[in-house]
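Below is the sequence, then the predicted model.
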Amino acid sequence: MDTNTVEITAEITPNPNTLKFNVNKTLVASGSLNYPDKEKAKGSLLAEKLFEIENVIGVMIGHDFITITKAPAADWKPMVPPVTERIKTLLSQDQALFPQGASAAGQGSAGLVAGAAVAGNIGDIEKKIQQVLDNEIRPAVAMDGGDIIFYGYRDGVVTLHLQGSCSSCPSSIMTLKMGVENRLKSLIPEVREVVQV
C-alpha cells in the first residue's frame with residue numbers, strides 16, 4: 001500500500017447532525033482545532049474548504065479525524081461524497097492546512113484549540129483533573145468525534161466545554177453529568193460539580 005494514499009472512513013456519532021471522518025494521517029499532534037462557524041475558519045485552509053460545501057455548519061479537527069456538523073434540515077447522503085473528496089484532495093497536497101501556531105500547542109488565531117495546558121499557576125487539584133481528562137475522558141469523547149476543553153476549577157466546580165459531535169448532541173448533558181462528573185468525583189473528592197460553558 002502507498003503510504004501517501006489518503007484513506008477515509010465515515011462513522012456515525014451519537015449526534016445525528018455530525019459525522020466523524022477518520023483519516024490515516026496525523027492532523028494535530030494532540031488536542032483539537034474547533035471551528036464552530038465559517039467566520040472562525042478563516043486562515044485554516046482545511047476548515048475553510050469544508051465550509052464551502054453546502055450545509056456544513058461546523059468543523060472540528062482531531063488527532064486523526066475530522067468531525068463535520070451539518071445543518072439540521074440537510075441530508076447526509078448528498079454531502080458525504082463531496083466532504084470525503086475534499087478531505088482526500090486537501091490531505092494529498094503539500095500545503096499548510098492550519099494557521100501557523102495552530103497545531104494544538106497553543107490557540108490559533110481562528111479556531112479554539114483544546115488540550116493545551118491550562119495557562120497560569122495551576123494547583124494539584126487542577127493537575128489531577130487535567131490528567132483524568134487527558135488520559136481517560138478525552139480519548140472516550142474523541143471516539144464519538146468530539147473533544148473536551150478544561151476551562152478551570154474553583155470551589156469544587158469544574159468548568160468544561162464539549163465540542164465537535166458532543167457539543168450539540170442530545171446526550172451531551174448526560175455525558176457531562178453521568179460520565180465526566182461521576183468519574184472526576186470518584187477520583188478527586190474535592191470535585192462537587194461539573195458545568196459546561
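Yep, it's here. In this text the structure is predicted, and so the values were computed from the model without any measurement.

Helix, strand, or coil at residue 94?
Here residue 94 is coil, with the state taken from DSSP: H, G, I helix; E, B strand; the rest coil.

mind giving me the domain split of this protein?
Annotated domains of the chain cover 8-112, 114-196 [automatic domain parsing].

which parts of the helix or strand where residue 162 lies are buried?
For residue 162, the enclosing helix or strand under DSSP states H and E is strand 157-164. By neighbour count on 16 or more other C-beta atoms under 10 Å, the buried set for strand 157-164 is 158, 160-164. C-beta: built from backbone N, CA, C; applies to glycine.

Name the residues that touch that strand?
Under the contact criterion C-beta atoms under 8 Å, 6 or more residues apart in numbering, strand 157-164 has outside partners 18, 32, 34, 36, 58, 60, 62, 67, 69, 112, 114, 129, 133, 141, 145-153, 167, 169, 172, 175-176, 180-181, 184, 191-197.

Which among these count as buried?
18, 32, 34, 36, 58, 60, 62, 67, 69, 112, 114, 129, 133, 141, 145-150, 153, 167, 169, 172, 175-176, 180-181, 184, 191, 194, 196.

Could you pull out the strands in this protein for me?
8-12, 18-23, 32-35, 56-61, 65-70, 112-114, 146-154, 157-164, 193-196 (DSSP state E).

Which of those strands sits closest to residue 42?
Nearest to residue 42, of all the strands of the chain, is strand 32-35, at 9.1 Å by C-beta to C-beta.

so what strands line up beside that closest one?
Strand 32-35 has its sheet partners listed here by DSSP bridges as strand 56-61 (antiparallel), strand 112-114 (antiparallel).

and the last one, average pLDDT?
For strand 112-114, mean pLDDT rounds to 43.

Where in this structure is the helix or strand with the lowest mean pLDDT?
strand 112-114 (a mean of 43; mean pLDDT, DSSP states H and E).

if you average pLDDT over each of the strands of the chain, which comes out lowest?
Looking at the strands of the chain, the lowest mean pLDDT belongs to strand 112-114 (a mean of 43).

which residues pair with residue 66 across the strands?
Residues in a beta bridge with residue 66, per DSSP bridges, are residue 21, residue 61.

quick revisit: weakest of the domains of the chain in terms of mean pLDDT?
domain 114-196 (a mean of 80).

Now do residue 14 against residue 163, distance only.
Applying C-beta to C-beta, to the nearest Å, the value for residue 14 to residue 163 is 14 Å.

got it, and residue 195?
Distance, residue 195 to residue 163, using C-beta to C-beta: 15 Å.

again, but for residue 189
Relative to residue 163, and taking C-beta to C-beta, residue 189 is found at 28 Å.

ok, now residue 35?
In terms of C-beta to C-beta, residue 35 sits 10 Å off from residue 163.

Run a quick check on residue 19 versus residue 66, I expect a contact.
No - using C-beta atoms under 8 Å, residue 19 makes no contact with residue 66, being 9.2 Å away.
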